[in-house]
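*Asks:* sequence first, then the predicted structure, then my questions.
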Amino acid sequence: MTGKELVDYKGLKALGIRYSKMHLGRLEETATFPKSFKLAEHRNSPRVWMLCEVIEWIDGRAATRPPKL
């Protein structure tokens, strides 16, 4: 892995992030989820995320969970 891998919407689902595209957009607007980008100017170009940023977000979420009793 080079640290520059990309993940698309289906890839997010495979990682366990099962949010809708609309909800992901809202999270991005509030800067609570990594920002996506398009690889091309075409309107049908899919949105992608940097995998390393998504993994960091997941790790951050895991670190803030309450301790087991």
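*Replies:* Nice, I can see it.
*Asks:* show me which strand runs longest in this protein.
*Replies:* What stands out as the longest strand in the chain, according to DSSP state E, is strand 47-50.
*Asks:* run the chain-centre distance for that strand.
*Replies:* For strand 47-50, the separation from the chain centroid amounts to 7 Å (computed by Cα atoms, centre = their mean, to the nearest Å).
*Asks:* show me the contact partners of it.
*Replies:* 4-9, 12, 21, 34-39 (Cβ atoms under 8 Å, 6 or more residues apart in numbering). Where C-beta positions appear, they are placed from N, C-alpha and C, glycine not excepted.
*Asks:* who does that strand pair with, and is each partner parallel or antiparallel?
*Replies:* Partners of strand 47-50 in the sheet, by DSSP bridges, are strand 6-7 (antiparallel), strand 37-38 (antiparallel).
*Asks:* ok, back up a step: buried ones only from the contacts of strand 47-50, please, as a ChimeraX command.
*Replies:* The ChimeraX selection below is limited to those of the contacts of strand 47-50 classed as buried (16 or more other Cβ atoms under 10 Å):
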select :7,9,12,34,36
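*Asks:* just to revisit the earlier point, so which of the strands paired with strand 47-50 gets nearest Lys68?
*Replies:* strand 6-7 (29.3 Å; Cβ to Cβ).
*Asks:* element containing the residue positioned nearest the centre of the chain, please.
*Replies:* In the chain, the C-alpha closest to the average C-alpha coordinate belongs to Val54, at a distance of 4.5 Å (Cα atoms, centre = their mean). Assigned by DSSP states H and E, Val54 falls within helix 51-63.
*Asks:* run the chain-centre distance for that helix.
*Replies:* For helix 51-63, the distance to the chain centre is 9 Å (Cα atoms, centre = their mean).
*Asks:* tell me which strands and helices that helix is in contact with?
*Replies:* strand 6-7 (3 or more Cβ pairs under 8 Å, 6 or more residues apart in numbering; DSSP states H and E).
*Asks:* let's see that with 10 Å instead.
*Replies:* For helix 51-63, the packing partners by 3 or more Cβ pairs under 10 Å, 6 or more residues apart in numbering; DSSP states H and E come out as strand 6-7, helix 9-14.
*Asks:* would you reformat the strands paired with strand 47-50 as a markdown table and include distance to Thr30?
*Replies:* Converted to a markdown table, the strands paired with strand 47-50 look like this (distance: least, Cβ to Cβ, whole Å):
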| stretch | distance to Thr30 |
| --- | --- |
| strand 6-7 | 20 |
| strand 37-38 | 17 |
